[in-house]
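# Sharing a model that was predicted from the sequence below.
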Amino acid sequence: MSYLYLVIAIISEVVGTTLLKVSEGFSKLGIGILSLLFYGVCFIALSFALKQGMGLNVAYAVWSGAGIVLTSLIGVLIWHEAMQPVHILGLALIIAGVIVVNLFGSTH
């Protein structure tokens, strides 16, 4: 169950971050407020994942790593932002780090 909460936290964070871009610096107030609501869901779900016994190191590594990778992909796919080879290397290292923390985290 803790991983389900973590997935909800990740998706909510990515949607919230994407809406921040769409809100254009909160100049579109409704979208900005919606972004904050998604962040609220994100942190509630993350806290539930921790309450279910997931280790903080694993939860935060997966949450932040997945969020970085997914928002980078959204930037490339939706807003056609540039992705250089060094960016791809950095994202690959983040993914590798998340895998290592999952395999050898304190909950294992």
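Sure thing, it's come through. Numbers count the residues shown, from 1 in each chain.

# most centrally placed residue in this structure?
The chain has G67 as the residue nearest its centroid, 2.2 Å off, counting by Cα atoms, centre = their mean.

# do you know how far it is from S27?
24 Å (Cβ to Cβ, to the nearest Å). C-beta: built from backbone N, CA, C; applies to glycine.

# And I33, by the same measure?
In terms of Cβ to Cβ, I33 sits 12 Å off from S27.

# neighbour count winner among those two?
Between I33 and S27, counted using other Cβ atoms under 10 Å, I33 has the larger neighbour count: 12 against 8.

# Please give the element, helix or strand, for that one.
Using DSSP states H and E, I33 falls within helix 29-51.

# Give me the helices and strands touching the worst-scoring helix or strand of the chain on mean pLDDT, please.
In the chain, the helix or strand scored least confidently by mean pLDDT, DSSP states H and E is helix 85-104, which has a mean of 93. Using 3 or more Cβ pairs under 8 Å, 6 or more residues apart in numbering; DSSP states H and E, the elements in contact with helix 85-104 are helix 56-79.

# ok, and for the helix it packs on, which residues are buried?
Using 16 or more other Cβ atoms under 10 Å as the test for burial, helix 56-79 gives 58-63, 65-72, 74-75.

# same question, stretch 29-45
32, 34-35, 38-39, 41-42, 45.

# now these as TSV including pLDDT and distance to H87?
TSV is the format used below for these (pLDDT from 0 to 100; distance: Cβ to Cβ, whole Å):
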residue	pLDDT	distance to H87
G32	97	27
L34	98	28
S35	98	24
F38	98	25
Y39	98	25
V41	98	28
C42	98	24
A45	98	28
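
# Closest to I94 out of these?
For those, the residue nearest I94 by Cβ to Cβ is C42; the value is 18.5 Å.

# so the closest one sits right up against T17, yeah?
No. With contacts counted by Cβ atoms under 8 Å, C42 stays clear of T17, the gap being 9.4 Å.
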